[in-house]
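> kindly return the folded structure for what I paste below:
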Amino acid sequence: MVRKISILAVFATLFMAVNCDNEPYEGEIIFEDTACLEAIEATSMALSSFLNTSQEDYYEFCLDYKEALLNQIEICGDDDGSLQLLADNLDDCYNDDLCADAMQATEIAENNFNNYTEDTYQQLCNQYKAALEYQLEVCGESAILQLLLSELGDCQQEFVETPGDWILVGWVTDNLRDIDNDGIVTNNYLDEIDCYNNETMTFNADGTGTMFFRSYADITFTPNNSGEDFFINCISINQASTFDWSQDGNTIYITNNEGITNLYFRNGNSMYVAIDDAFYAESTTDDSVITERITFIYIKL
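Got it, this is the predicted structure:
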């Protein structure tokens, strides 16, 4: 029974079923224009039955859930192999690494959400929120996960056109630091840096755009007994960089003039992108540096 509870908790966040009786997944999925959405819904129904099964029927419902996962793979695809891994893990319906499975379930829920339609937005948003909440529960607190949950709000869709002007409002990390040395830590470094106050992006309707850079922060630090003292030198600049962009669901692909493509994600009037090593600070005493992954947050003007 303990083994069953462990794996059920992991998969509960992947798909949230609605109005589903405790019956095994049955029938073939019809390949139509809506086949992928039907496959996702079928997996959600199979999971709901799996979560509510008795010990006596556990094996049957486990197999039904695995079959639904495999159907979704066949119809929707599984580029990163994450659905196949979930199906493989159901061989004995046990996995003792709850955090790793929770992270994988969140990634799948996010991928599904990033391909929402007007009709599926709220359902997929709620599934994504449930996955994020469970990951927080089993993996521990994360500022970025909390931010994502806050951005999702109550999953009521606010439609905002991408073309237009967007402004940078946040640098969010999983670490708490006192960047301005005032004794107060934060995970939104932009709150403590007197730079980047007017960094904007303009999206044109023809698939082109421009990033405007008006300041730059040269960041250094000196280690102390409690952490670091940071020093910010804000340098004014006036630069523009063009890009091409396209959109698929709430995922925006931005390709800069060097041919590098980054994925930005839309949610209502917010847009965010995570960049590795985007925060960079050099030590004033030796050759050490601090680098961190930053999630940049933009809002529509």
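> what about residue 139, neighbour count?
Neighbour count for residue 139, taken as other Cβ atoms under 10 Å: 15. Quick note: C-beta positions are derived from backbone N, CA and C, even for glycine.
> now residue 119: which helix or strand?
Here residue 119, judged by DSSP states H and E, is contained in no helix and no strand.
> how much space between it and residue 62?
Taking Cβ to Cβ, to the nearest Å as the measure, residue 119 falls 30 Å from residue 62.
> in contact with residue 125: list those residues for me.
Residues near residue 125 by Cβ atoms under 8 Å, 6 or more residues apart in numbering: 113, 116, 152, 155, 157.
> ok so it is a helix residue?
Yes. Counting by DSSP: H, G, I helix; E, B strand; the rest coil, residue 125 is found in a helix.
> so where do the helices sit in the protein?
Taking DSSP state H to define them, one finds helices in the chain at 2-11, 35-51, 58-76, 82-89, 98-113, 121-139, 143-152.
> now those helices in JSON lines, with distance to residue 290 and mean pLDDT?
Converted to JSON lines, these look like this (distance: least, Cβ to Cβ, whole Å; pLDDT from 0 to 100):
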{"stretch": "helix 2-11", "distance to residue 290": "34", "mean pLDDT": "43"}
{"stretch": "helix 35-51", "distance to residue 290": "41", "mean pLDDT": "84"}
{"stretch": "helix 58-76", "distance to residue 290": "41", "mean pLDDT": "83"}
{"stretch": "helix 82-89", "distance to residue 290": "32", "mean pLDDT": "81"}
{"stretch": "helix 98-113", "distance to residue 290": "24", "mean pLDDT": "82"}
{"stretch": "helix 121-139", "distance to residue 290": "23", "mean pLDDT": "84"}
{"stretch": "helix 143-152", "distance to residue 290": "16", "mean pLDDT": "80"}
